[in-house]
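Engineer: take this sequence and fold it.
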Amino acid sequence: MKSHRAQHSIQLAVSNLAVSEAFYAGILELPVQRSLTAIGAPDHLVLDMDGIALVFVEEDDVVRAHPVLGNRFSMFPRGIGVTLHFEVRDIEGISDAIAEEGLEVLYPLEVRPYGVKEMWCFDPDGYLVVLDEDRGISTKAGA
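Structural biologist: Below you'll find the predicted structure:
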């Protein structure tokens with residue numbers, strides 16, 4: 001049984017669910033939910049987003065369920081080639097919280113020419129996260 005309503009999902013292995021929850025739910029204020037799991041099943045987080053869900057599972061639980069993946073996790077750092085894009089509110093506050101937590105910022109907060117505030121950072125597991133906040137500026141000709 002799926003722990004989300006989305007038709008499609010992407011599972012991301014993380015080091016620590018509590019740290020991921022603090023980042024995605026606490027700092028980014030995204031609607032992350034802890035799953036209701038059967039007894040003995042691994043705990044995980046779900047971010048259900050209109051037809052697709054991100055499912056965060058601790059790497060140790062993934063390796064226990066699929067031992068063949070253990071060597072691959074040690075060969076490749078988490079996050080290589082993955083970029084997650086989120087539209088957020090209060091990007092200035094988020095930027096401040098990310099700096100306060102000492103998380104790595106790839107591109108600091110700036111206002112883009114097309115009317116969006118944007119910043120790029122890494123989550124605690126090295127996944128690249130692009131955050132943007134629409135400033136409500138119309139880009140239509142004559143507006």
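Engineer: and Leu47, what element?
Structural biologist: strand 44-49 (DSSP states H and E).
Engineer: now the element after that strand, going C-ward?
Structural biologist: Heading C-terminal from strand 44-49 (DSSP H and E), you reach strand 52-58.
Engineer: so which elements touch the very next helix or strand once past that following strand?
Structural biologist: Sequence order places helix 59-65 as the next helix or strand after strand 52-58, per DSSP H and E. The contact analysis (3 or more CB pairs under 8 Å, 6 or more residues apart in numbering; DSSP states H and E) places helix 59-65 against strand 8-14, helix 70-75. Yep, even glycine has a C-beta here, placed from its N, CA and C like the rest.
Engineer: got a list of contacts for helix 59-65?
Structural biologist: With CB atoms under 8 Å, 6 or more residues apart in numbering as the test, helix 59-65 has contacts from Gln11, Ala13, Val14, Ser15, Pro42, Asp43, His44, Leu69, Gly70, Phe73, Arg78.
Engineer: if we go to 6 Å?
Structural biologist: Contact with helix 59-65 is made by Ala13, Pro42, Leu69, Gly70, Phe73, as judged by CB atoms under 6 Å, 6 or more residues apart in numbering.
Engineer: which one (most neighbours) among those residues?
Structural biologist: Per-residue neighbour counts (other CB atoms under 10 Å) across the contacts of helix 59-65 peak at Ala13, which has 18 neighbours.
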